[in-house]
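got a structure for you, letters missing:
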């Protein structure tokens, strides 16, 4: 069995899916986490200047999509065929594209993590994106675009999962629904079927223990 | 045999790696290229994401360039020899995407597509290039095959396309990163895509 070490911020963000997969599989792993203020130091360890990265013995995989896909394939949480995997990949990339720039920055500014970084970052953000109320419309637009698209595919699948069976796509989407709920108390009213879907995925027995014990993370 | 239809603009951009895969594999496909002014406004509403490219495989549709390229890469045996190699391809390709996101503003100003101060943007651009191409070179050195994994892959196609674009925008690029340009040339000289590359003509990006 290889040694696994995940390296990421102490948030869910783009690091939670590997944690869920490892727990689902009952696979031991080192769950290294750092706080936002520590990142400038840690950053030097990253060959790409980014995180998360996954260490598998003495190899490293950067980029959350690559990590998710690799672990899903290893632990039985991939789609049943290349087309299902393509649909999973697609919905993951669509999320990243939709929540870039103002929509994504809005999430950060609204979070408790924003005040953990030096004030000069705030000045840079405000200069480029304006204030919270300037960014909110972009965020709302992204939400109104993304979740109906997800619903469409869930309806097409008809299995209760994003593809024919439980996959990392379901873990990812459930995680992002949780984030959406933290960012907007009206999300539940706007997308009740998404809440149902999230609750169903989070009732998966193999991740109960982990979900019960993990600490709160705004996103 | 499924019917493949690739929908994009008449540029290399995000769809060229997929086109390279089809040519490499000798696989017929419909290579739809929409004129941005004349045709795209009518076609755009047919895209559920409002974006291109997308790939139709019979009556299924894959949005997002990396998702569709990876799909084709797997289908045509261009996705590495095992799961770790596939993961490295994914990883390097996503890092490349991040890189282009970051240098976008500089390249855009350079092309006079947007306003800005090149002098101001230059240091960040140089730093970002150095970080990314150093990493890429380290992966090439590690693989030892001349490609990013043990044999040519869809990742190499995508990276080569990016390098060509950088050369087209930055006249100093070849001087700064000669081994990277060599790598690109090596990819393009593969017998299964050489002819297509020579025939396709010079597209800026």
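Arrived safely. The shown structure was predicted, so the numbers you read here are calculated from the model rather than taken from an experiment.

identify each buried residue in stretch A:71-78, please.
Of all the residues in stretch A:71-78, those buried under the rule 16 or more other CB atoms under 10 Å in any protein chain shown are A:71-74, A:77-78. Yep, even glycine has a C-beta here, placed from its N, CA and C like the rest.

nope, stretch A:133-149 is what I meant
Within stretch A:133-149, the residues that qualify as buried are A:135-136, A:138-140, A:142-143, A:145-147, A:149, counting by 16+ other CB under 10 Å.

repeat for stretch A:174-187
By neighbour count on 16+ other CB under 10 Å, the buried set for stretch A:174-187 is A:174-184, A:187.

how about the helices in the chain?
I'll assume chain A. For chain A, the helices defined by DSSP state H cover A:16-25, A:39-42, A:64-74, A:82-98, A:101-110, A:119-129, A:132-157, A:168-183, A:187-190, A:192-202, A:208-213.

that was the other one, I meant chain B.
For chain B, the helices defined by DSSP H cover B:16-25, B:40-43, B:65-75, B:83-110, B:118-143, B:154-169, B:173-176, B:178-188, B:191-200.

dump the residue contacts of the nearest residue to residue A:59 once chain neighbours are set aside.
Counting by CB to CB, 6 or more residues apart in numbering or on different chains, residue A:59 lies nearest to residue B:84, which is 6.5 Å off, once chain neighbours are set aside. Taking CB atoms under 8 Å, 6 or more residues apart in numbering or on different chains as the definition of contact, the neighbours of residue B:84 are A:56, A:59, A:61, A:70.

so which elements touch the helix or strand of chain A with the lowest mean pLDDT?
Ranking every helix and strand in chain A by mean pLDDT, DSSP states H and E puts helix A:119-129 at the bottom, with a mean of 92. With contacts taken as 3 or more CB pairs under 8 Å, 6 or more residues apart in numbering or on different chains; DSSP states H and E, helix A:119-129 sits against helix A:101-110.

got the contact list for the helix it packs on?
Helix A:101-110 is contacted by residues A:99, A:114, A:125, A:129, A:132, A:134-136, A:138-139, A:141-142, A:179, A:183, A:219 when judged by CB under 8 Å, 6+ apart.

redo that, cut-off 7 Å
When contacts are defined by CB atoms under 7 Å, 6 or more residues apart in numbering or on different chains, helix A:101-110 is touched by residues A:99, A:114, A:125, A:129, A:132, A:135-136, A:138-139, A:142, A:183, A:219.

if we can go back for a sec, need the winner for burial among the helices of chain A.
helix A:64-74 (a mean of 24; mean count of other CB atoms under 10 Å in any protein chain shown).

can you give me how far that helix is from the chain middle?
For helix A:64-74, the distance between its averaged C-alpha position and the chain's averaged C-alpha position is 13 Å (CA atoms, centre = their mean, to the nearest Å).

what's the answer for stretch A:95-104, then?
Between the mean C-alpha position of stretch A:95-104 and that of its chain there is a distance of 12 Å (CA atoms, centre = their mean).

picking that back up, how about a markdown table for the buried residues of stretch A:71-78, with distance to chain B added?
Conversion of the buried residues of stretch A:71-78 to a markdown table gives the following (distance: CB to the nearest CB, whole Å):
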| residue | distance to chain B |
| --- | --- |
| A:71 | 9 |
| A:72 | 10 |
| A:73 | 5 |
| A:74 | 7 |
| A:77 | 13 |
| A:78 | 10 |
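
any chance of these in JSON lines, plus pLDDT?
As requested, those are arranged in JSON lines below (pLDDT from 0 to 100):
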{"residue": "A:71", "pLDDT": "98"}
{"residue": "A:72", "pLDDT": "98"}
{"residue": "A:73", "pLDDT": "98"}
{"residue": "A:74", "pLDDT": "98"}
{"residue": "A:77", "pLDDT": "98"}
{"residue": "A:78", "pLDDT": "98"}
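
and residue B:138, how many residues sit next to it?
By the criterion of other CB atoms under 10 Å in any protein chain shown, residue B:138 has 11 neighbours.

how close does the spatially closest residue to residue B:16 that is not a sequence neighbour get to residue B:20?
Leaving out its chain neighbours, the residue that sits closest to residue B:16 by CB to CB, 6+ apart is residue B:161, at 5.0 Å. Computed with CB to CB, to the nearest Å, the distance linking residue B:161 and residue B:20 is 8 Å.

compare neighbour counts for the two and give me the winner.
A direct count of neighbours by other CB under 10 Å for residue B:161 and residue B:20 places residue B:20 higher, at 28 against 24.

in strands, which of the contacts of residue B:84 fall?
Judged by DSSP state E, strands contain the following of the contacts of residue B:84: A:56, A:59, A:61.

which one of those is nearest to chain B?
Nearest to chain B among these: residue A:61, at 4.9 Å, using CB to the nearest CB.

alright, I will stop here.
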